[in-house]
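J.: just a sequence and a predicted model for now, questions to come.
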Amino acid sequence: MTPLEVLLAELIAAEGPLRIDRYMALCLGHPRHGYYITRDPLGEKGDFVTAPEVSQVFGELVGVWAVGAWGLMGQPGAFNLVELGPGRGTLMADVLRTVRKAAPAFAASASVHLVETSPVLRAAQRTAVGAGAQWHDRLEDVPEGPMILLANEFFDAIPIRQFERREGVWRERVIGLTDGRLSPGVGGIVPGTMGRDGDVMEFAPARDEIARHIGERIAAHPGAALLIDYGHLHTAPGDTLQAMRAHRFLPVTETPGEADLTSHVDFEKLAAAVREAGAVVHHGMTQRGFLLAMGLEQRIAQLALRADDVTRATLARQMARLADEAQMGNLFKVLCATSPGMSTPYPFG
């Protein structure tokens, strides 16, 4: 048993089964044994790879998008460039490198703010991003003002609740104990008449709360947000909770604190929360559609012109990983939100 599993078993024995959202929160953020508190999980030697780690081109294209959004905001002379869950800082580093060359006025106007709770990842971000950035535990701690916000693979790790319909009634899924080991189960009956037996519905109150705060920010000040994650554009039943370790899936109760726990993002609900707070939400699209529209093929071709055969093959693999329909291209979705009255940023119009 992992150290966290021992603590969770003691907690369940004393207080009863844990809701899924509390279980996720402890597995990922326990102050001593939480997954994101104790390690850098990224990369081929870690547990998973994110798009910025696949290719520098991802961050370059996001940087180009941000410059366009800044222009539609009226090119404010001072604004906050914010990233939620910046990982190793690779995305922000690539964005800054791009804008310093392509749009120095944007770079000079930007105040970089990284929202990160992991001390291990904060150290990596300091190395990648360099001096001048500011770190915060929550978006609420970022100063008010004009803002461009980026969030790539952030919302998938926000805890969720799950409800399962059995024998005509809904019950909340929980984590309990069987023979002293963690095991999934269900709790008491909860209200609800819709659905069919076997349906699983997921709700993410904490995710919605963050989305509403983003909406409030860009409703009150000029701003734009780009949210990228794996998930679905429309709400539908389904069990998407998953655990990953060393690039393979495993049961969600296996090695708690040493495996990543995530769920697919419901972009319809996310958009609704942002919209309810007063921001304008534009039609979502696949990562494939976004990257191709932003010039992925052209940028890869440009880099390939100066490359040897081995590097060209690597570039081709990177482009396929980011945009192929069978890889990240269709699984990942992209959502854009802006201040009321602001023109729609390309390519969402």
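T.: Perfect, I can see it now.
J.: where in the stretch 101-250 of the chain is pLDDT low?
T.: Scanning the stretch 101-250 of the chain for pLDDT under 70 picks out no residues.
J.: shouldn't residue 312 be in contact with residue 304?
T.: Yes: with contact defined as CB atoms under 8 Å, residue 312 counts as touching residue 304 (4.7 Å). Any C-beta I mention is one placed from the backbone N, CA and C, and that applies to glycine too.
J.: show me where the stretch 151-300 of the chain has helices.
T.: Taking DSSP state H, counting those that start in this stretch to define them, one finds helices in the stretch 151-300 of the chain at 205-220, 267-276, 287-294, 296-305.
J.: mind putting the ones you listed into CSV with distance to residue 64?
T.: Conversion of the helices of the stretch 151-300 of the chain to CSV gives the following (distance: least, CB to CB, whole Å):
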stretch, distance to residue 64
helix 205-220, 20
helix 267-276, 23
helix 287-294, 6
helix 296-305, 9
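J.: relative to residue 235, which of the ones you listed is closest?
T.: helix 267-276 (4.6 Å; CB to CB).
J.: what lies in contact with that closest one?
T.: Among residues not part of helix 267-276, those counted as contacts by CB atoms under 8 Å, 6 or more residues apart in numbering are 155, 203-204, 207-209, 211-212, 214-215, 225, 227, 229, 231-235, 281, 284, 333, 335, 337.
J.: could you redo the last one with a cut-off of 7 Å?
T.: Contact with helix 267-276 is made by 155, 207-208, 211-212, 214-215, 227, 231-235, 281, 284, 333, 335, 337, as judged by CB atoms under 7 Å, 6 or more residues apart in numbering.
J.: residue contacts, the closest residue in space to residue 146 that isn't next to it in sequence?
T.: Nearest non-adjacent residue to residue 146, counting by CB to CB, 6 or more residues apart in numbering: residue 79, 3.9 Å away. Residues in contact with residue 79 (CB under 7 Å, 6+ apart) are 109, 110, 145, 146, 147, 148.
J.: quick one, what contacts residue 143?
T.: For residue 143, the contacting residues are residue 80, by CB under 7 Å, 6+ apart.
J.: equivalent analysis for residue 322, please.
T.: Counting by CB under 7 Å, 6+ apart, residue 322 has contacts 51, 54, 55, 58, 291, 296, 328, 329.
J.: of those, which is the nearest to residue 266?
T.: In terms of CB to CB, no member of the contacts of residue 322 lies closer to residue 266 than residue 328, at 18.4 Å.
J.: right, and that closest one touches residue 51 too?
T.: Yes: in this structure residue 328 lies within contact range of residue 51 using CB atoms under 7 Å: 6.4 Å.
J.: returning to what we had before: what's the most distant pair in the contacts of residue 322?
T.: Pairwise over the contacts of residue 322, using CB to CB, the maximum falls at 55 and 329, 13.1 Å.
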